[in-house]
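Participant: Just to be clear, the model below is a prediction. Sequence and coordinates:
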Amino acid sequence: MIRKTTLLAVLSAALLAPLVVAAPSTAAVIASRLPFAVTITSISPDVPKNMTDVIKFTGTVRNDTGAPQSGLRVRLRYTPEPFTDRASMADYQNDQNSLTLPRTPSSNSAMDIPPLAPGQQASWEFTATPIQMGLRTFGVYPIAVDVSQNLVSLAAQRTYLTYAPATVPKPPRNKMAIALPVIDQPHRATDVDPAPGANGEALFVDDKLSQSITGKGRLADVATIAGAAPSNVTWFVDPSLLDDLDMMTRNYRVKTKDGAERKPANAEAGQWLTTMRTSLAASPVVAVPYADPDVAALAHQGLDDLTNRAIQLGGQKAKALLNRDDVKTTVNWPAAGMLDPDALDLLSVSDDKVNTVLLNSTNLPPQPPVTFTPDAASTLDSVNGPVTGLVADAELSRLFEPTAPTSVLLSTQRFIAETAMISAEAGQTQPRSLVVAPSRRWDPNPTLVTSLIKTARRLPWLQLTTLESIKPGKASVPRAGLTYTDADRKEELSRKYLEPVKDVASNAQLTALIKTTRTPSSFDAAVLRLASSAWRNSTRAGRSVTKAVSTAVSDRMAKVEIVEARPDRPRTLAGSNGVVPISVRNSVGAPITLYIDVKSNNLKLLQVNFRQEEPLSIGVGQSGTVQVPMTATSGTSGDTTVTVQLKTADGRAYGKPQRLTIRTTGYTGIASVIVGAALTVMLAAVVTRVVRRRAERRSARAARNRESETV
């Protein structure tokens, strides 16, 4: 028989057991309107294993009616029939009808509550054994506690009890991998503040990280979980987050309306990084592609190169900032856990060749549908060969990040029940694989998550393992392939958003292509931040960051310029043909190599006969000049224009084309004849005059001589 214990009436205005902060569901809203609050605070043991184990249930009931209440009873309700499947468990949890609560088998499972004043709380306690409750076999059983008045149920709390006696054969021990994310949104646009006097300090678009890594901040909670988690939990870390925090360990600047505010080095940022390095030192770590780009959107909008670069840069940064060389880049967890074949192909052909993807259960459903929990692992076909698809269990993952307020106890009881039911599903004799993965930018409750992980480690029907160890096996079921709907496509970063990003990425690449020493673009990280999946729900912020990076790239490109490329300063072509010097100034801060393309804008007036055979190399702070041969068309003179375009070695246009005014002063062919004839006539006249003057001078001398002789 169930034994009723001594009632403990406690006058208190205290709240219920600690709740997980989350957005309330419809059921929670209904519960908040109830006049009484019933809470189960403990079930011990949480998994009874013998028929004679004494199970202790404790909790509280509180009067929220605003008026004194009497005639109250608390009842422990249960049924000896176990759930048949996980679907019936979910239906039970979501059911708010008091008429469907488990029955109260005997009067000994109920206890009277003394009159309660408004806000007053009373404690209750029940004890029972499995044999008293009629539990006979391994399984999950419904449990509820309600408060009633005049036999009418006023409020109830539902939960589960898993009974696990020794059975033959033993339930299969399923492998479970837990994947936890350390992912945030970008907090910088460019790497450093380009403003004069900024001294190369990092420029942040906000200072949210300083709040997130301290106190009850989201990332502080993640670090707490990491410190308590076992080494077989797999962590997905965004290297851009580590990068941002690393920059905060030195003086940095935060953008304001009027410019930027200088901040001193943040000691908490360094401490957070140290904590994560220490906590994850022995755990598997996967580097998310740098800044967590929206891979599906990039595949659909023609920005394929960014994904490969993000994987490369992500691996480099994570290894450097975590001080370890074994960080994985061959596993990908896409935005919302959703991929289509195009995105999968893009990942598979990356230099690091992604060979495993972690997916949402709706992205890779069983085909045909099954009534049991399918194995997490499957094989996908990509353009570059087979890829392992790992499907996260939706319900188990939600328990790590509940969407409605719940206590740690109730979530733990549900976790025990769900995993036990999976092990006990009809017809399942082979061990299966399970994957738990909460949302990628989760806001976790450390107490809850730590409790669930500890529970997973001690349950006899679970084997906690690493994500990498989950492979397709005999228990795998056929799946429908990647299921990607129009609704999923609409969640991506749009074409409208990504078009400016594409332009910025193209121009940023040019700044690297003209350098004499070929190195990755210094804007690579900045461009990848623009493509972050974080902007899916915050496109306005993403556009603001894009604008800032675009301005910085344009300013960098402008540091390579054609000297005096102004309409009011024409270049003069003396004669009908000649050369026009065109000079380029390099203010980039590194040696550059480029080509110059010159085209006449009016072939009837001017011909340009120029082909640059060798690249023009220009040192730091210097100018380089090419001599461009030009020919003015006969019969013309005056001003015309040419278009000058700087180009990279591979022929890509660098910057906008510039127009130069060319002033021609050459003579035509007819004019040359006329001038030549005039010169001949003038020469003949001069010669005739000279001859005549000489003859006159001779005649004068002869006359003087005759006069002398006569005298």
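Facilitator: Perfect, I can see it now.
Participant: The helix or strand containing Lys175: how far from the chain's middle?
Facilitator: Using DSSP states H and E, Lys175 sits within strand 174-182. Averaging C-alpha positions (Cα atoms, centre = their mean, to the nearest Å) puts strand 174-182 20 Å from its chain's average.
Participant: And the next helix or strand past it?
Facilitator: Downstream of strand 174-182, the first helix or strand assigned by DSSP H and E is strand 188-192.
Participant: CA atoms only for that following strand, dumped as PDB, please.
Facilitator: Presented in PDB, the C-alpha positions along strand 188-192 are these (Å, rounded to 0.1, in the frame of the first residue of the first chain):
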ATOM      1  CA  ARG A 188      33.300  43.500 -36.300                       C
ATOM      2  CA  ALA A 189      33.100  44.800 -39.800                       C
ATOM      3  CA  THR A 190      36.700  45.400 -40.900                       C
ATOM      4  CA  ASP A 191      39.500  43.800 -38.800                       C
ATOM      5  CA  VAL A 192      40.800  47.100 -37.600                       C
END
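Participant: just checking, what packs against it?
Facilitator: Here strand 188-192 touches strand 202-204, helix 239-248, helix 524-530, helix 539-557, going by 3 or more Cβ pairs under 8 Å, 6 or more residues apart in numbering; DSSP states H and E. In short, each C-beta sits where N, CA and C put it, glycine included.
Participant: JSON lines please, covering those and showing mean pLDDT and mean neighbour count.
Facilitator: Below are the helices and strands packed on strand 188-192 laid out as JSON lines (pLDDT from 0 to 100; neighbours: other Cβ atoms under 10 Å):
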{"stretch": "strand 202-204", "mean pLDDT": "95", "mean neighbour count": "23"}
{"stretch": "helix 239-248", "mean pLDDT": "98", "mean neighbour count": "25"}
{"stretch": "helix 524-530", "mean pLDDT": "97", "mean neighbour count": "26"}
{"stretch": "helix 539-557", "mean pLDDT": "96", "mean neighbour count": "18"}
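Participant: So for Ser44, which of these sits nearest?
Facilitator: helix 239-248 (39.8 Å; Cβ to Cβ).
Participant: rewinding a little: so for Pro130, which of the helices and strands packed on strand 188-192 sits nearest?
Facilitator: Closest approach to Pro130 among the helices and strands packed on strand 188-192 is made by helix 239-248 (48.1 Å; Cβ to Cβ).
Participant: Do me a favour and average the pLDDT over whatever helix or strand comes next after the closest one.
Facilitator: Moving toward the C-terminus from helix 239-248, the next helix or strand (DSSP H and E) is strand 252-256. Taken as a whole, strand 252-256 carries a mean pLDDT of 94.
Participant: any idea how far strand 252-256 is from the chain center?
Facilitator: Distance of strand 252-256 from the chain centroid (Cα atoms, centre = their mean) equals 22 Å.
Participant: Also stretch 187-197?
Facilitator: The answer for stretch 187-197 is 20 Å, by Cα atoms, centre = their mean.
Participant: Kindly check the end-to-end length of stretch 430-440 for me.
Facilitator: 31 Å (Cα to Cα, to the nearest Å).
Participant: hmm, back to that, strands paired with the strand holding Lys175, and their directions?
Facilitator: Note on strand 174-182: by DSSP bridges, its sheet partners are strand 234-237 (parallel), strand 433-436 (parallel), strand 462-465 (parallel).
Participant: Number of residues surrounding Val222?
Facilitator: When neighbours are defined as other Cβ atoms under 10 Å, Val222 has 27 of them.
Participant: ok, now which ones touch it?
Facilitator: Going by Cβ atoms under 8 Å, 6 or more residues apart in numbering, Val222 touches 180, 182, 444.
Participant: Just send these back as JSON lines, with neighbour count too.
Facilitator: Below are these laid out as JSON lines (neighbours: other Cβ atoms under 10 Å):
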{"residue": "Leu180", "neighbour count": "23"}
{"residue": "Val182", "neighbour count": "23"}
{"residue": "Pro444", "neighbour count": "20"}
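Participant: from these, which is closest to Thr41?
Facilitator: Closest to Thr41, out of all of the contacts of Val222 and judged by Cβ to Cβ, is Pro444, at 22.0 Å.
Participant: what residues are up against the closest one?
Facilitator: With Cβ under 8 Å, 6+ apart, Pro444 has these contacts: 218, 221-222, 225, 400-401, 438.
Participant: so what's it scoring on pLDDT?
Facilitator: Taking Pro444 on its own, its pLDDT is 96.
Participant: And for Asp639?
Facilitator: 88.
Participant: Between the strands paired with strand 174-182, which one is closest to Ala67.
Facilitator: Ala67 sits nearest to strand 433-436 of all the strands paired with strand 174-182, at 45.0 Å, using Cβ to Cβ.
Participant: Residues contacting the closest one, please?
Facilitator: So strand 433-436 is contacted by 174-179, 358, 373, 375-377, 390-393, 396-397, 400, 419, 422, 462, 467, 470, 473, 475 (Cβ under 8 Å, 6+ apart).
Participant: And it, what's buried?
Facilitator: Buried residues in strand 433-436, counted by 16 or more other Cβ atoms under 10 Å: 433-436.
Participant: how many other residues sit next to Leu151?
Facilitator: Residues lying near Leu151 (other Cβ under 10 Å) number 8.
Participant: In which helix or strand does Gln211 reside?
Facilitator: Residue-wise, Gln211 maps onto helix 208-212 under DSSP H and E.
Participant: Dump the C-alpha coordinates for that helix into PDB.
Facilitator: Provided in PDB are the C-alpha atoms of helix 208-212 (Å, rounded to 0.1, in the frame of the first residue of the first chain):
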ATOM      1  CA  LYS A 208      27.700  43.000 -26.800                       C
ATOM      2  CA  LEU A 209      30.400  40.400 -26.200                       C
ATOM      3  CA  SER A 210      31.600  42.100 -23.000                       C
ATOM      4  CA  GLN A 211      28.100  41.400 -21.500                       C
ATOM      5  CA  SER A 212      27.800  37.900 -23.000                       C
END
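Participant: which other helices and strands contact it?
Facilitator: Against helix 208-212 (3+ Cβ pairs under 8 Å, 6+ apart) you get helix 218-228, helix 239-248, helix 267-279.
Participant: nearest to Asp64, of those helices?
Facilitator: In terms of Cβ to Cβ, the element of those nearest to Asp64 is helix 218-228, at 29.7 Å.
Participant: what does stretch 201-216 rub up against?
Facilitator: Contact with stretch 201-216 is made by 184, 186-195, 217-220, 223, 244-245, 247-248, 250-255, 260, 262-263, 266, 268-269, 272, 541, 544-545, 548, as judged by Cβ under 8 Å, 6+ apart.
Participant: residue nearest the centroid of this structure?
Facilitator: Using Cα atoms, centre = their mean, the residue of the chain that lies closest to the mean C-alpha position is Asp292, 2.5 Å off.
Participant: From Ser283, how far out is that one?
Facilitator: 20 Å (Cβ to Cβ, to the nearest Å).
Participant: start to end distance for stretch 76-87?
Facilitator: Using Cα to Cα, one end of stretch 76-87 lies 24 Å from the other.
Participant: Make 750 the starting number, not 1.
Facilitator: Happy to do that; since the first residue is 750 now, the last one works out to stretch 825-836.
Participant: Quick one: distance of it to the chain centre.
Facilitator: 42 Å.
Participant: go on, stretch 1096-1113?
Facilitator: Distance, stretch centre to chain centre, for stretch 1096-1113: 15 Å (Cα atoms, centre = their mean).
Participant: now the end-to-end length of it.
Facilitator: One end of stretch 1096-1113 sits 17 Å from the other (Cα to Cα).
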